[in-house]
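>>> sharing a sequence plus its predicted fold:
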Amino acid sequence: MTSEKEYIDWELVERLKNSEEEALTKIYNKYWEVMYLAAYNLVKDQSVCEDIVQEVFISLWQRREKLQIKASLKSYLYTSTVYKVYDHFNKNKKMATDELFDDFENKIETSNPETRLMHQELIGHLDAVIETLPDKCKEVYKLSRENMLTNKEIAEQLNISQRTVEGHISKALKILKESLGVAVSIEFIYFFLR
């Protein structure tokens, strides 16, 4: 049975796809604070965080007709916000290593409960998708991302070519990216979730 909150989010997304500005306003009012806090846990700059949240909503509106949200709306917005933070640091490379990548997991653990919950929901979603991968593809992907083996080491361990390893990893990343329904870099997401 779908909860009332999920139904409301689904309905808001459908209304947004039909270019109803009121739906965007309701989504904004419902989630802006959670998104701001997710950004602030990483950036620690009020002005930058406000800009990031604004950019996510501008992008949401611009891509409204093509939206394919397969996780929850909250996870979609959280992932989009984290991606915009990454994009911000990518454009300002001097601060990226020190501020974003240092102790990311600890930043998530010490963040507010809503951000932790969204992070856990995202991890749960990705884990569930990984479990649906074809057996060999899943095995290669896990050896690469969880065991941190190189393509060469995986090829030797499984007695397959490196090109086959690369093909399995590419297939897994494509499936994961499609499952999120958001234009984010899975390599980036998995950098954080490792």
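It's in. Only a predicted model underlies this, so the values are computations on that prediction, with no experimental measurement involved.
>>> low-confidence ranges, the chain, go.
1-7, 90, 92-119, 180-194 (pLDDT under 70).
>>> tell me which residue is most central in it.
Compute the mean C-alpha point of the chain, and by CA atoms, centre = their mean the closest residue is Thr79, 3.4 Å away.
>>> Glu11 versus that residue, what's the distance?
21 Å (CB to CB, to the nearest Å). C-beta coordinates here come from the backbone N, C-alpha and C atoms, glycine included.
>>> one step back: now the residue nearest to the centre of the chain: how far from Leu176?
12 Å.
>>> swap in Ser170?
Distance from Ser170 to Leu176, by CB to CB: 11 Å.
>>> what's in contact with stretch 12-27?
Lys30, Phe57, Leu60, Trp61, Arg64, Glu65, Leu67, Ile69, Leu73, Leu77 (CB atoms under 8 Å, 6 or more residues apart in numbering).
>>> buried ones in it?
Leu12, Val13, Arg15, Leu16, Lys17, Ala23, Leu24, Lys26, Ile27 (16 or more other CB atoms under 10 Å).
>>> just flag the most distant two among the residues you listed.
Using CB to CB, the buried residues of stretch 12-27 reach their maximum pairwise distance at Lys17 and Lys26, which is 13.9 Å.
>>> picking that back up, in helices, which of the contacts of stretch 12-27 fall?
Lys30, Phe57, Leu60, Trp61, Leu73, Leu77 (DSSP state H).
>>> between these, which has the most around it?
Leu77 (26 neighbours; other CB atoms under 10 Å).
>>> I'd like the distance between the closest residue in space to Tyr31 that isn't next to it in sequence and Asn147.
Excluding its sequence neighbours, the residue lying closest to Tyr31 (CB to CB, 6 or more residues apart in numbering) is Leu77, at 5.1 Å. Distance from Leu77 to Asn147, counting by CB to CB: 32 Å.
>>> same check on Asn41?
29 Å.
>>> more neighbours: those two, which one.
Per other CB under 10 Å, whichever of Asn41 and Asn147 has more neighbours is Asn41, with 20 against 10.
>>> most distant residue from the centre of this protein?
The chain, farthest from centre, CA atoms, centre = their mean: Asn159 at 32.8 Å.
>>> give me every residue that touches the closest residue to Asp9 other than its chain neighbours.
Excluding its sequence neighbours, the residue lying closest to Asp9 (CB to CB, 6+ apart) is Leu73, at 4.0 Å. Leu73 is in contact with Asp9, Trp10, Leu12, Val13, Ile27, Tyr31, counting by CB under 8 Å, 6+ apart.
>>> let's have the residues you listed in JSON lines, adding distance to Gln120 and secondary structure.
JSON lines is the format used below for the contacts of Leu73 (distance: CB to CB, whole Å; DSSP: H, G, I helix; E, B strand; the rest coil):
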{"residue": "Asp9", "distance to Gln120": "18", "secondary structure": "helix"}
{"residue": "Trp10", "distance to Gln120": "21", "secondary structure": "helix"}
{"residue": "Leu12", "distance to Gln120": "23", "secondary structure": "helix"}
{"residue": "Val13", "distance to Gln120": "22", "secondary structure": "helix"}
{"residue": "Ile27", "distance to Gln120": "22", "secondary structure": "helix"}
{"residue": "Tyr31", "distance to Gln120": "17", "secondary structure": "helix"}
